[in-house]
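# generate a structure from the sequence data that follows.
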Amino acid sequence: MQRRLFIKQSGLAVAATALLPNLFYGCDKGSPLGLQLYSLRESIGDDVRGTIEKVAKVGFKEVETYGYSPDNKFWGFSVAEFKDMIHSNGMTTPSGHYSLDPYLSKDGTDADFATALEVAQGLDQKYLVIPHISEALRTSIDDYKRMAEKLNRAGEMCKDAGLKLAYHNHAFEFDDFNGENGLQVFLENTDEDLVDFELDIYWVVRAGIDPVALFEKYPGRFPLWHVKDMSKSNNEMNTEIGSGSIDYNKVFKKAKLAGGKHFIVEQENFEMDPYESLSQSYNYIKSDLLNS
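Purely as a prediction, here's the structure:
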């Protein structure tokens, strides 16, 4: 009896181990793919409705917004009109980029955060993303520590508004300050219940960092990803996902470890028709990376 029980339990353990990659790594095949509209910044202002329709035809179910201004709104469309445009094309907008240098400055106040909150709420977004920090605000590691406090406060305001704050990286956050860097300070000095991160995989690799190492060190902190590939001939250029030098198969295998929920394609430059390029990236992610 004991021998049979041991064999049975051993078999269950082996089966459980075999399931671990699917339970804790990989990502779900049905995960919706999004597009950061900044990818189409050179044309969207000329035909907003047509651009949104074409994005939907590629297959994207989510879009990440950018570019709102109090004067021009979304290229002349109000928040309500823009939301209706997105929804009428079968898409949603779970996240948006909002420039918040005034809030992050030393003299910034909660009032400097109010407009971004209002717009994100109006679009029914889940995440309010800070996409960039001006160079003048990040001259020392103490600047990052001061801004980490600002991120926590912004996270509290987002939580009160039914949102979650996220921070999007470039490469400069990995600049070394006597053994510390800005992203490390943000990750280790912000409350994970208040602040998430949108990891731009391209910029992580461009900085010489392994994205998987970040997932392993800070599991669950990266529910949002920017997915864009790096040209094999010029690391300053983007290319279609699967055609470049970034090993996305390895990265997507650790999606659940990272906390990945929203996979957002962004391409900042194109060598072919943008919609053909985006379709190629979309199809590759769907067929080769999801549930990898």
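# so who does Y38 touch?
Y66, G67, H97, E266, E268 (CB atoms under 8 Å, 6 or more residues apart in numbering). The way it works is simple: take the backbone N, C-alpha and C, and place the C-beta from them, glycine included.
# OK, contacts around the residue nearest to the first one when sequence neighbours are not counted?
Yep, that's Y66 we're talking about. Excluding the flanking residues, the one nearest Y66 by CB to CB, 6 or more residues apart in numbering is H97, at 4.2 Å. By CB under 8 Å, 6+ apart, the contact set of H97 is Q36, Y38, E64, T65, Y66, V129, I130, P131, H168.
# wait, the fifth one touches F82, no?
It refers to Y66. No: counting by CB atoms under 8 Å, Y66 stays clear of F82, with 11.7 Å between them.
# looking at these two, which is more packed in?
Using other CB atoms under 10 Å, the more surrounded residue of Y66 and F82 is F82, with 22 against 19.
# the more buried one touches G67, doesn't it?
No: F82 is beyond contact range of G67, at 10.2 Å (criterion: CB under 8 Å).
# any common contacting residues for those two?
Common neighbours of F82 and G67 (CB under 8 Å, 6+ apart) are F74.
# from V265, how far out is F222?
16 Å (CB to CB, to the nearest Å).
# pLDDT value on the closest residue to D175 other than its chain neighbours, please?
Closest residue to D175 apart from its sequence neighbours, by CB to CB, 6+ apart: N181 at 6.1 Å. With respect to pLDDT, N181 scores 98.
# what is the least confident helix or strand in this protein?
Ranked by mean pLDDT, DSSP states H and E, the helix or strand of the chain with the weakest confidence is helix 2-24, at a mean of 44.
# what average pLDDT does the helix or strand that comes right after that one get?
The helix or strand immediately downstream of helix 2-24 is strand 33-36, counting by DSSP states H and E. Per-region confidence: strand 33-36 scores 98 on mean pLDDT.
# run through who's touching strand 33-36.
By CB under 8 Å, 6+ apart, the residues outside strand 33-36 that reach it are 55, 58-64, 66, 94-95, 97, 226, 262-266, 278, 282, 285-286.
# do the same with stretch 196-215
Under CB under 8 Å, 6+ apart, the answer for stretch 196-215 is 95, 127, 129, 164-171, 173-174, 186-187, 221-230, 235, 238, 245-246, 248, 250-251, 254, 257-259, 264, 266.
# recalculate using a threshold of 7 Å.
Stretch 196-215 is contacted by residues 127, 129, 164-171, 174, 221-230, 235, 238, 246, 250-251, 254, 257-258 when judged by CB atoms under 7 Å, 6 or more residues apart in numbering.
# just the ones of those residues in strands?
127, 129, 164-168, 224-227, 229-230, 238 (DSSP state E).
# from these, which is closest to E42?
Closest approach between these and E42, by CB to CB: N238, at 13.8 Å.
# looking at it, the closest one is touching E266, isn't it?
No: in this structure N238 lies outside contact range of E266 using CB atoms under 7 Å: 8.2 Å.
# pull up the overlap in contacts between those two.
Residues touching both N238 and E266 (CB under 7 Å, 6+ apart): K228.
# in the helix or strand I86 falls within, which residues are buried?
Using DSSP H and E, I86 sits in helix 79-88. For helix 79-88, the neighbour count (16 or more other CB atoms under 10 Å) marks V79, F82, K83, M85, I86 as buried.
# list the contacts of Q121.
For Q121, the contact set (CB under 7 Å, 6+ apart) comprises A161.
# how far off strand 164-168 does the strand or helix carrying it point, in degrees?
Assigned by DSSP H and E, Q121 belongs to helix 114-122. Following axes from the mean of the first three to the mean of the last three CA atoms, to 10 degrees, one obtains 110 degrees for the angle between helix 114-122 and strand 164-168.
# what's the angle from helix 114-122 to helix 79-88?
Using the same axes, to 10 degrees: helix 114-122 against helix 79-88 is 40 degrees.
# how far is helix 114-122 from where the chain is centred?
Chain-centre distance of helix 114-122: 19 Å, with CA atoms, centre = their mean, to the nearest Å.
# kindly report the same for stretch 178-197.
Distance, centroid of stretch 178-197 to centroid of chain: 16 Å (CA atoms, centre = their mean).
# which parts of it are buried?
Buried residues in stretch 178-197, defined by neighbour count with 16+ other CB under 10 Å: N181, G182, L183, Q184, V185, F186, L187, T190, L194, V195, D196, F197.
# the last one belongs to a strand?
Yes: under DSSP: H, G, I helix; E, B strand; the rest coil, F197 falls within a strand.
# just the CA coordinates for stretch 156-169, please, in CSV.
The C-alpha coordinates for stretch 156-169 follow below in CSV (Å, rounded to 0.1, in the frame of the first residue of the first chain):
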residue,chain,number,x,y,z
GLU,A,156,-3.4,57.1,-3.9
MET,A,157,-5.3,59.6,-6.1
CYS,A,158,-5.7,57.1,-8.8
LYS,A,159,-7.0,54.5,-6.3
ASP,A,160,-9.6,57.0,-5.0
ALA,A,161,-10.7,57.5,-8.6
GLY,A,162,-11.0,53.8,-9.4
LEU,A,163,-7.8,53.7,-11.4
LYS,A,164,-4.2,52.4,-11.1
LEU,A,165,-1.1,54.4,-11.7
ALA,A,166,1.6,52.9,-13.9
TYR,A,167,5.0,54.2,-14.9
HIS,A,168,6.5,53.6,-18.4
ASN,A,169,10.3,53.3,-18.8
